[in-house]
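Peer 1: Need a 3D model of the sequence below.
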Amino acid sequence: MQEMDFLRKQMERDIKKNDVIDIYGGRLTLVENVKDQEYAFEWPDTAFSAFSLDGKTEGNALRFMNHASPKKANVASVEFFYKKIPYIIFVAEKKISPGEELYYDYGPEYWAQKGIDPQ
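Peer 2: Predicted coordinates for the structure are as follows:
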């Protein structure tokens, strides 16, 4: 899988705190057309609130990151807009060593939609 090869290549080097790991990939679609929020990001309270970036069927390796508690997570998402186009990037919250798994806190909204308490 090409995406996983990219992620492995990224992990062959030290990643410093605040380094950009990559831009999240997916299909920009209307929120109402997203059937499963598992891999989707949204921009509430912006001009793009009707849209979602859905990585379920297409995207890059970042969609395969596992959840971790905020204390254990080593990656954070950042919303930004470039030339009026919305993006999600992932940055290192702390130093990440080669071979160390990337962990992302999915957030309370993700778990609430599933009816699960991640504690």
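
Peer 1: what helix or strand is I116 on?
Peer 2: Assessed by DSSP states H and E, I116 sits outside every helix and strand.

Peer 1: low-scoring stretches of this protein, by residue?
Peer 2: Scanning the chain with the threshold set as pLDDT under 70 gives 1-11, 119.

Peer 1: show me where it has helices.
Peer 2: For the chain, the helices defined by DSSP state H cover 2-10, 108-114.

Peer 1: helices or strands next to the shortest one in the packing?
Peer 2: With contacts defined as 3 or more Cβ pairs under 8 Å, 6 or more residues apart in numbering; DSSP states H and E, helix 108-114 has no packing partner among the helices and strands. (C-beta placed from N, C-alpha, C; glycine too.)

Peer 1: roughly how far is it from the heart of the chain?
Peer 2: 15 Å (Cα atoms, centre = their mean, to the nearest Å).

Peer 1: Would you mind listing the buried residues in it?
Peer 2: By neighbour count on 16 or more other Cβ atoms under 10 Å, the buried set for helix 108-114 is empty.

Peer 1: what about stretch 95-109, distance to the chain center?
Peer 2: When C-alpha coordinates are averaged (Cα atoms, centre = their mean), stretch 95-109 and its chain have centres 10 Å apart.

Peer 1: swap in stretch 36-49?
Peer 2: Centre to centre, stretch against its chain (Cα atoms, centre = their mean), the figure for stretch 36-49 is 12 Å.

Peer 1: Just the terminal-to-terminal distance for it.
Peer 2: Taking Cα to Cα, to the nearest Å, stretch 36-49 runs 17 Å from one end to the other.

Peer 1: Name the surrounding residues that touch it.
Peer 2: 24, 26, 31, 34, 51-56, 59, 63, 77, 79, 81, 86, 88, 110, 113 (Cβ atoms under 8 Å, 6 or more residues apart in numbering).

Peer 1: Just the buried ones from those, in PyMOL syntax?
Peer 2: The PyMOL command for the buried members of the contacts of stretch 36-49 (criterion: 16+ other Cβ under 10 Å) is given here:
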select buried, resi 24+26+31+34+51+52+53+54+55+59+63+77+86+88
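
Peer 1: Give me the subset of the contacts of stretch 36-49 that lies in strands.
Peer 2: Using DSSP state E, the subset of the contacts of stretch 36-49 located in strands is F51, S52, L53, D54, S77, E79, F81, P86, I88.
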